[in-house]
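Asker: requesting a structural model of the entry that follows:
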Amino acid sequence: MSDLPESVESVNQLAVVWRAMVLDRAADADVRDLPGLAVRWADSRFGFWNCVTLTDAELDAESLGQQLGQAADIMRSKQQPGFLWLFEDLLADDAKAALATAAADAGLEFAFPGVGMAGDILPLPEPAHPDLTFVRVTTEEHLLAYADLNSRAYGFPLEAGRDGLSGSTLWKDEVHAYLGMRGDQPVTCAGTVAADGRLFVALVATDPEWQRRGYGEAVTRKALYEGAQATGLTRATLHATEAGAPVYPRIGFEPNSPIRFYGLTS
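Answerer: Sure thing, here's the model as predicted:
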């Protein structure tokens, strides 16, 4: 099991950050910490705010089956769909071998891959991009633009992203959230937030029409730069989708645990 301490750090960062994020959406959000499971479920139309994750390290095959079944039962009890986040490097070898069968038996199907990353990379030089200016998210108009960029990038309906972010004071006051503007058009976004002595990168997105121009890297650097300036933190963490994963090593992040996202079997 390579990078086990970093993988434990990665799942702990999810539990800390997502607790704040889902409570920002709903004061009665489900944020239970159960034996081996963390529930972070806002029942939002924005699927990323509906999360269950396994938290035990070196989980064996028998325990994996039990916990996947419990996670799936929790997911079935909710109104809105969401994801089980499974950090592969927390599993013992027998559990990794049994994962496909155990997930199917629990009624879970693989949705998409990701990877945890971290690095002692801060502070960074102040970033710049010849096409972009950067604007901090401080108004509802900014926040809706941020939400719409995420919806477009991840294939969600616009109303889903807005359900996840509209009206948030957390994202306007505590998250160092930035839009990358091409003229007066928002084309990319990223945010960072302090969490347990680290700076966590959240909801990086670029409009599909403007991808592969270095915009996502530039705005991520901006959010990291400003977050580090404000907090003095030196270590940063994130969870990358497959599409975003190539960007972050260029900033200095190192991959740790692969992440498998599961939904309920349709």
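Asker: which residues are in contact with residue 12?
Answerer: Going by Cβ atoms under 8 Å, 6 or more residues apart in numbering, residue 12 touches 55, 196. The way it works is simple: take the backbone N, C-alpha and C, and place the C-beta from them, glycine included.
Asker: shouldn't it be within a helix?
Answerer: Yes: under DSSP: H, G, I helix; E, B strand; the rest coil, residue 12 falls within a helix.
Asker: on the three-state scheme, the closest residue to residue 158 other than its chain neighbours is what?
Answerer: Closest residue in space to residue 158, ignoring its immediate chain neighbours: residue 151 at 4.9 Å, by Cβ to Cβ, 6 or more residues apart in numbering. Classification of residue 151 using three-state DSSP returns helix.
Asker: residue 151 is in contact with residue 165, isn't it?
Answerer: No: Residue 151 is beyond contact range of residue 165, at 9.7 Å (criterion: Cβ atoms under 8 Å).
Asker: helices of the stretch 101-250 of the chain, start to end?
Answerer: Counting by DSSP state H, counting those that start in this stretch, one finds helices in the stretch 101-250 of the chain at the ranges 140-154, 158-165, 170-173, 215-231.
Asker: so which of those helices comes closest to residue 15?
Answerer: Nearest to residue 15 among the helices of the stretch 101-250 of the chain is helix 170-173; the distance by Cβ to Cβ comes to 16.6 Å.
Asker: got any ranges where the stretch 101-250 of the chain has weak pLDDT?
Answerer: For the stretch 101-250 of the chain, no stretch has pLDDT under 70.
Asker: circling back: right, so the helices of the stretch 101-250 of the chain: which one is the most enclosed?
Answerer: The highest average neighbour count among these, using mean count of other Cβ atoms under 10 Å, belongs to helix 215-231 at a mean of 23.
Asker: could you list the residues in contact with it?
Answerer: Applying Cβ under 8 Å, 6+ apart, the set of residues contacting helix 215-231 is 121-129, 131-132, 134, 136, 176-180, 187-194, 199, 201, 204-206, 233-234, 236, 244, 247-248, 250-251.
Asker: and that helix, C-alpha only, in CSV?
Answerer: Output of helix 215-231 as CSV, limited to C-alpha atoms (Å, rounded to 0.1, in the frame of the first residue of the first chain):
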residue,chain,number,x,y,z
TYR,A,215,-6.7,28.5,-18.0
GLY,A,216,-7.4,25.9,-15.3
GLU,A,217,-3.8,25.8,-14.2
ALA,A,218,-3.6,29.6,-14.1
VAL,A,219,-6.7,30.1,-12.0
THR,A,220,-5.7,27.2,-9.7
ARG,A,221,-2.4,28.9,-9.1
LYS,A,222,-4.2,32.2,-8.4
ALA,A,223,-6.5,30.5,-5.8
LEU,A,224,-3.5,28.8,-4.2
TYR,A,225,-1.4,32.0,-4.2
GLU,A,226,-4.1,34.1,-2.6
GLY,A,227,-5.1,31.4,-0.1
ALA,A,228,-1.5,31.0,1.0
GLN,A,229,-1.0,34.7,1.3
ALA,A,230,-4.1,34.9,3.6
THR,A,231,-3.4,31.9,5.7
